[in-house]
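>>> Model the structure of this input:
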Amino acid sequence: MSTPSFHDRNALPRNLRARGVTAVLGPTNTGKTHYAIERLLAHQTGMIALPLRLLAREVYGRIVEKVGEDKVALITGEEKIRPMNPRYWVATVEAMPLDVDVAFLAIDEVQLAADLERGHVFTDRILNRRGAHETLLLGAQTMRPILEQLIPGLHVTTRPRLSELVYTGARKMTRLPPRSAIVAFSAEDVYAIAELIRRQRGGAAVVLGALSPRTRNAQVELYQSGEVDFLIATDAIGMGLNLDVDHVAFAGSRKYDGFQFRHLNLAEMGQIAGRAGRHTKDGTFGVTGRVGDLDPETVEKLEAHVFPPVQVLQWRNPDLDLKSLERLSASLAQVPQETGLTRAPGGDDIRVLETAGRDPDIRRMAEQPGGTSRLWDAARLPDYRKIAPAHHSDMVLTLYRFIMREKTIPEDWIAAQVAVCDRTDGDIDTLSARIAHIRTWTYVANRPDWLENPVAWQESTRALEDKLSDALHERLTQRFVDRRTSMLTRRLREKTLPDAVIDAEGGVSVEGQHLGRIEGFRFTPDSSSDPNEARALKSAAEKALASEIERRAGALAESPPDHLAVAPDLTVTWHGAAVGRLVAGDQPLKPRVSLIADEQLTGPARERVQERLERYVAMTLTNTLKPLFDMQDDAEMPGPVRGIAFRLVESLGILERAPIADEIKALDQDARATLRKHGVRFGAFHIFVPALLKPQPRQLAAQLWALDAGAAAGVSPQEIETRLVPELVASGRTSLIREAAIPDEIYSLLGFKPVGKRVVRIDILERLGDAIREAMAWRPLSSAPQPEGHVDGSSFRVAPNMTSLLGCSHEDMAEVLTSLGFRKDRRPAPQPATAPEAGAETPAATEAPAGEAGEVAATGEAAPDAAPAEPTAEAATATTEASDATAGGTAASETSAEATVEASEADDAGDGMIEVWRPGGRRSAERGRPPRRDRPQQGRQGKDGDQQRPPRSGKGGKGNQNRGKGPRNAGAAPGGGKPRQERKADPDSPFAKLASLRKDLEGKS
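As a prediction, the model looks like this:
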């Protein structure tokens, strides 16, 4: 008995099903499809039916390569390529022609006959479609029992897997090996995973069943070419896609099968995991994401490819009665009579029929000749859009009305539908929706009896689908592939990354891909990259910049000093780029240098850079703070002097005089000269180095202190640089309002002395002391002009030259003087002094030893008969420098200061009394603070309520009542009392030599 023809639509008798049929069964990677193609080409004619349009396209290309395009036809729901006389046919199972006789027929992935949605189509092809000479059923070994039951006498051959499959457990997605496929079961999960892989590993290709075949092919090629190392896919990759996958990772274990969400069964997991490994290359599989580790029993079955056999196949009556809608529905409702078959649940086509049966207009049309057959053809239109069942039914019935009323679908109507899709803008979801719509119209165009010009519409819809597919592939690539990171990652893995190209501005690029910038020895990734991508860029840059880092290290080690600098923020720069930073060392003057460099700078190169920067920093500090280093290194300095020098170095050039007043007085002239040689000045309030009061050394000294002790004081080097230095040191101001938040120690380090509510620059404070000393030391018989503020030898008045120095008001000056230990009195205004007659001799000034002149103002003990001491050389230098530095800061305040003093004098003149200031005594001056005001003082009260000096007690407790009466003894102290002892002048002092020189000049004249 001959084999039934291929186009026989009736069911084959059970006893004829096995004739010429061979089942080739086995797990994935057994070469079943390759074997089927070889058997196909061995016959004169043949057909192979595949489960996916994508796989059909792949097999079609392979056959065309062997026999040429004119001999191969491709038939799918949305695409038909049919030469004039094809010998071989490649089709999807649903679209395979049923009216073509061929010698050979192969049906692939026959285990899909158990699928609830598509299974009945596969069952029909398995049971009823045959090649004239040979038929192959290709699929999993789980189909053997059911096939042998339904096809008695079936010849079965099994094929072993060509490679081993090994389970590797759970891994993080970012730790998966290259050439991995990550499997998820929804578009949202696929996109989310692809986004993560792009950020972490450079990019991924995506494969979903909803993508058009052209888009899926492009994405697969992206992976196969090695441009990306990861493929994110649904279970579509389990349907025979030939991919070079080394590892399959399950990122999900539940899927929606068209009816419900359920866990994957073992056979489905085996089908997917089996995609790992190609030919004889072993593969691995595992889990990732939120999927828990697989139990040992499951792992064992997956590795051995042992799965439960398929029990039943989905079935639908192939012998449909198309005479009426009712008879069609009845034939579809029939149940199978054979064991091993079960009636398939209703699909989209059944739901369309049910909707049509409720529409009277459609029922009338179906009663027309051929109406039911056309309705069934329309109902089988796939629901590519997946909007809603009702929406799909409405569209199908609209098409059916056109076909029945107008014989074909109107050209203008379908043109309008296609035009809606003819746009390539929008995101991935928008383009995917347009492709789903155009696939509907492509399917419609491939129905030869639905359109007047189907060929033209097939070409236009096909072209539009290709255009949209290309746009979607581009969007997917833009979103999920970072070509720059992907290229770098691949080159790193292959160890073929070329050296980086660095432009004049430090931009780094490799093969035209911009990676970022290099400054000094630190690479900064491109700012447009996210943190995860930046890590990949940095890793690539480290490899590409290896030779450049080595070259730069050598260049810096040989750099001249003018190529390096210590910036105000204590960073060390090389050609303007930060290469180091000063950090705290063992001593403030010996900070350490911390390199600013990536880990690539290692070994000898790093040591050379470190040594060069340390030498430069030491040289810079020595030049800027030279007096301190000179004092520190002076080995010939006497012991008492060394102690004071050590304190000066420790306090970075500024030392208050009061706490060491006794030690200063104990120094002889030689000891003082030793310190003056190092630029030290002995002031009334401070011992300091004027050269270190300039902004640059003062800022550096304060920042070095902040590195060492700033944390304890709550002050950072950055705060000193950004706020305190501009406000204090660099502003040129001589005094300003004191901020309570700034510690006194910081003010002192920056060269300012806190006095009351103000802080005064140290050199200005010393000039104020000089002015006070001159006003108190002047005598009426002196040849020098009367200084401002002179009252008598025991007190002085606030003068404009004093307030202009500080740039403050009379009230602020009063608070400054009080803080310095002076006391305020009110006294009768003195009589104007009589100038000496011309030629009259002036008493010789009693020369005070050098260094004690400034002390007079500090201690408040002025010698009434003593002339002002000549300013020392260092004092003159400091005064000149301070005057130059503060000219701009004090000039504006002189006018207001003079006006304030004049107003005060006018007030004083009203009652004949004046406001004077007198020293408060040695003890308060040495303590650096005014006398305590809360301690009651004896004595009479002045008119304005100020405490007056108590009367000095004499004999009988009447005090000195003869004060100011009679001639004053030359050696008597002011106000009577014990005569003043004359101090014998040192003949070697500079003042004695000046006096001797003066006498010689007078004698010659």
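>>> So what touches stretch 427-438?
Residues from elsewhere that reach stretch 427-438 (Cβ atoms under 8 Å, 6 or more residues apart in numbering): 191, 210-212, 215, 384-386, 417-418, 420-421, 423-424, 426, 461, 464-465, 468-469, 471-472, 475-476, 479. Yep, even glycine has a C-beta here, placed from its N, CA and C like the rest.
>>> In CSV, list the C-alpha atoms belonging to it.
Taking Å, rounded to 0.1, in the frame of the first residue of the first chain, the C-alpha atoms of stretch 427-438 are listed here in CSV:
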residue,chain,number,x,y,z
ASP,A,427,11.8,54.2,22.5
ILE,A,428,12.1,50.4,22.5
ASP,A,429,8.6,49.7,23.6
THR,A,430,7.1,52.1,21.0
LEU,A,431,9.1,50.5,18.2
SER,A,432,8.2,47.0,19.4
ALA,A,433,4.5,47.9,19.3
ARG,A,434,4.8,49.2,15.8
ILE,A,435,6.6,46.1,14.7
ALA,A,436,3.8,44.0,16.2
HIS,A,437,1.2,46.0,14.3
ILE,A,438,3.1,45.8,11.0
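>>> what is the mean pLDDT for that stretch?
Averaging pLDDT along stretch 427-438 gives 91.
>>> Can you give me the buried ones in it?
For stretch 427-438, the neighbour count (16 or more other Cβ atoms under 10 Å) marks I428, L431, S432, A433, R434, I435, A436, H437, I438 as buried.
>>> Over to stretch 102-118?
By neighbour count with 16+ other Cβ under 10 Å, stretch 102-118 contains the buried residues 102-115, 118.
>>> tell me which of those is nearest to H305?
Nearest to H305 among the buried residues of stretch 102-118: Q111, at 12.8 Å, using Cβ to Cβ.
>>> how about low-confidence regions in the stretch 651-800 of the chain?
Scanning the stretch 651-800 of the chain with the threshold set as pLDDT under 70 gives 709-723, 725-727, 730.
>>> could you pull out the helices for it?
Here the stretch 651-800 of the chain has its helices, by DSSP state H, counting those that start in this stretch, at 661-665, 669-677, 695-713, 717-719, 744-749, 762-777, 800-806.
>>> So which other helices or strands are in contact with the third one?
Read it as helix 695-713. Judged by 3 or more Cβ pairs under 8 Å, 6 or more residues apart in numbering; DSSP states H and E, the packing partners of helix 695-713 are strand 577-587, strand 590-595, helix 603-624, helix 717-719, helix 744-749.
>>> Out of those, which is closest to L150?
Closest to L150 of these is helix 603-624 (Cβ to Cβ; 74.1 Å).
>>> How about the contacts made by V183?
So V183 contacts A233, T234, D235, I237, V248, A249, F250, A251, G252, I272 (Cβ under 8 Å, 6+ apart).
>>> ok, and the most crowded of the residues you listed?
The most crowded member of those, judged by other Cβ atoms under 10 Å, is A233 (31 neighbours).
>>> rank the helices and strands packed on helix 695-713 by pLDDT, which is bottom?
Comparing mean pLDDT across the helices and strands packed on helix 695-713, the weakest is helix 717-719, with a mean of 67.
>>> Count the neighbours of the spatially closest residue to S163 that is not a sequence neighbour for me.
Using Cβ to Cβ, 6 or more residues apart in numbering and skipping residues adjacent in sequence, the residue nearest S163 is G277, 4.2 Å away. Neighbour count for G277, taken as other Cβ under 10 Å: 25.
>>> G277 and V166 touch, don't they?
No - using Cβ atoms under 8 Å, G277 makes no contact with V166, being 9.1 Å away.
>>> overlap in contacts of these two?
Both G277 and V166 are contacted by G283, T284, under the criterion Cβ under 8 Å, 6+ apart.
>>> Just the pLDDT for A251.
pLDDT at A251 comes out at 93.
>>> Contact partners for it?
A251 is in contact with M173, I182, V183, A184, D189, I193, V287, T288, G289, R290, V291, counting by Cβ under 8 Å, 6+ apart.
>>> distance of it from Q200?
As judged by Cβ to Cβ, to the nearest Å, A251 and Q200 stand 14 Å apart.
>>> which residues touch R129?
The neighbours of R129, taking Cβ under 8 Å, 6+ apart as the test, are F6, M96, L98, L105, I107, T135.
>>> Same check on E550?
With Cβ under 8 Å, 6+ apart as the criterion, the residues that contact E550 are A605.
>>> host element of it?
According to DSSP states H and E, E550 maps onto helix 546-557.
>>> gap between that helix and the chain center?
Its chain's average C-alpha position is 27 Å from that of helix 546-557, according to Cα atoms, centre = their mean, to the nearest Å.
>>> what mean pLDDT does it have?
Mean pLDDT, helix 546-557: 87.
>>> Quick check: buried residues in that helix?
Within helix 546-557, the residues that count as buried by 16+ other Cβ under 10 Å are E548, I549, R552, A553, L556, A557.
>>> ok, so of the residues you listed, who is nearest A304?
For these, the nearest to A304 is I549 (52.7 Å; Cβ to Cβ).
>>> Now that closest one: closest residue in space, sequence neighbours ignored.
Closest to I549 by Cβ to Cβ, 6+ apart is Q600, at 4.9 Å.
>>> dump the residue contacts of the one you found.
Counting by Cβ under 8 Å, 6+ apart, Q600 touches F521, E542, L545, A546, I549.
>>> which residues touch the third one?
Spelled out, it's L545. By Cβ under 8 Å, 6+ apart, the contact set of L545 is A500, V508, I518, F523, Q600.
>>> So the fourth one versus V64, what's the distance?
As judged by Cβ to Cβ, F523 and V64 stand 50 Å apart.
>>> neighbour-wise, which of the contacts of A251 leads?
Ranked by neighbour count (other Cβ under 10 Å), those have V183 at the top, with 31 neighbours.
>>> how close does that residue sit to F688?
For V183, the distance to F688 equals 78 Å [Cβ to Cβ].
>>> likewise K301?
89 Å.
>>> do the same with L243
81 Å.
>>> Those two: who's more crowded?
With neighbours defined as other Cβ under 10 Å, L243 and F688 compare such that F688 has more, 26 against 19.
>>> so that one touches I762, yeah?
Yes - with contact defined as Cβ under 8 Å, F688 reaches I762; the gap is 5.9 Å.
>>> shared neighbours, the two?
With Cβ under 8 Å, 6+ apart, F688 and I762 have common neighbours I654.
>>> Now do the contacts for E614.
Contacts for E614 (Cβ under 8 Å, 6+ apart) come out as R592, V593.
>>> what about it, distance to A584?
15 Å.
>>> ok, the residue nearest to S163 - contacts?
Residues near G277 by Cβ under 8 Å, 6+ apart: N29, L162, S163, E164, L165, V245, D246, G283, T284.
>>> cutoff 10 Å now
28-29, 161-166, 244-248, 283-285 (Cβ atoms under 10 Å, 6 or more residues apart in numbering).
>>> ditto for R447
D377, A378, L381, L399, I403, T408, I409, P454, W457, Q458.
>>> hang on, it in a strand?
No - R447: not assigned to a strand; according to DSSP: H, G, I helix; E, B strand; the rest coil it is coil.
>>> Phi first, then psi, for it.
Backbone torsions for R447, taken as degrees, to the nearest 10, come to phi -90, psi 110.
>>> related to what we said a few turns ago, just the buried ones from the contacts of G277?
Buried members of the contacts of G277, counted by 16+ other Cβ under 10 Å: 28-29, 161-163, 165-166, 245-248, 283-285.
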